[in-house]
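Student: no sequence on this one, just coordinates:
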C-alpha cells in the first residue's frame, strides 16, 4: 500500500518562503498525477497545484508566479516551493497522488498524505 508523507511546513512571516516535500513509500508502480491541496480553518479544501507524470503543471490563479510544483519521479517525491507567502495562505497543506494500482495501470488509487501545517504571520 502506498503512503504519502509530507514535510517542510512551519511558521513563516508574510513575504517569506517555504518548501514542502511529499514522499511516496510502499509499492509504487506509477504515479499518474500529483497535487498539493490546502485547507484553511472553516474553508473547503482547494487545489493549489498539480503535475502530471509527463510534467505538465497547473496552478490555482492565486498562486501563479509565486508557487512552483516539481517532482523527482526517481525518488517518488513531490515538492512545492512557496514564495511571497501571505497570511491568508495559512492552512494545512495536503499532498495527493493518483497512483497506478498495478504495473499496467488498469486502475488507480487516490492517496492522501496526513497534511502539514503552514502558518504565515503578519
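Tutor: Thanks, I have it. These numbers were taken from a predicted model, which means no experiment stands behind them.

Student: So the spatially most central residue of the chain versus residue 70, what's the distance?
Tutor: The residue at the geometric middle of the chain, judged as the C-alpha nearest the mean C-alpha position with Cα atoms, centre = their mean, is residue 36 (2.6 Å). Using Cβ to Cβ, to the nearest Å, one obtains 11 Å as the distance from residue 36 to residue 70. C-betas here are computed from N, CA, C, even on glycine.

Student: next one: residue 107
Tutor: Remark: distance between residue 107 and residue 70 (Cβ to Cβ) = 27 Å.

Student: out of these two, which sits in the busier spot?
Tutor: Legend: neighbour count by other Cβ atoms under 10 Å for residue 107 and residue 70, higher for residue 70 (15 against 9).

Student: Looks like the more buried one contacts residue 77 (just checking).
Tutor: No: the pair residue 70 and residue 77 does not pass the contact test of Cβ atoms under 8 Å, sitting 9.2 Å apart.

Student: can you pull out the strands in this structure?
Tutor: Under the criterion DSSP state E, the chain contains strands at 3-7, 10-13, 18-25, 31-39, 46-52, 57-59, 67-72, 77-82, 91-100, 108-112, 116-121.

Student: Take those and lay them out in TSV including mean pLDDT.
Tutor: Converted to TSV, these look like this (pLDDT from 0 to 100):
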stretch	mean pLDDT
strand 3-7	95
strand 10-13	98
strand 18-25	95
strand 31-39	94
strand 46-52	97
strand 57-59	97
strand 67-72	95
strand 77-82	96
strand 91-100	96
strand 108-112	94
strand 116-121	98
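
Student: before we move on, the earlier item: what sits in contact with each of residue 36 and residue 70?
Tutor: By Cβ atoms under 8 Å, 6 or more residues apart in numbering, residue 36 and residue 70 have these common neighbours: residue 78.
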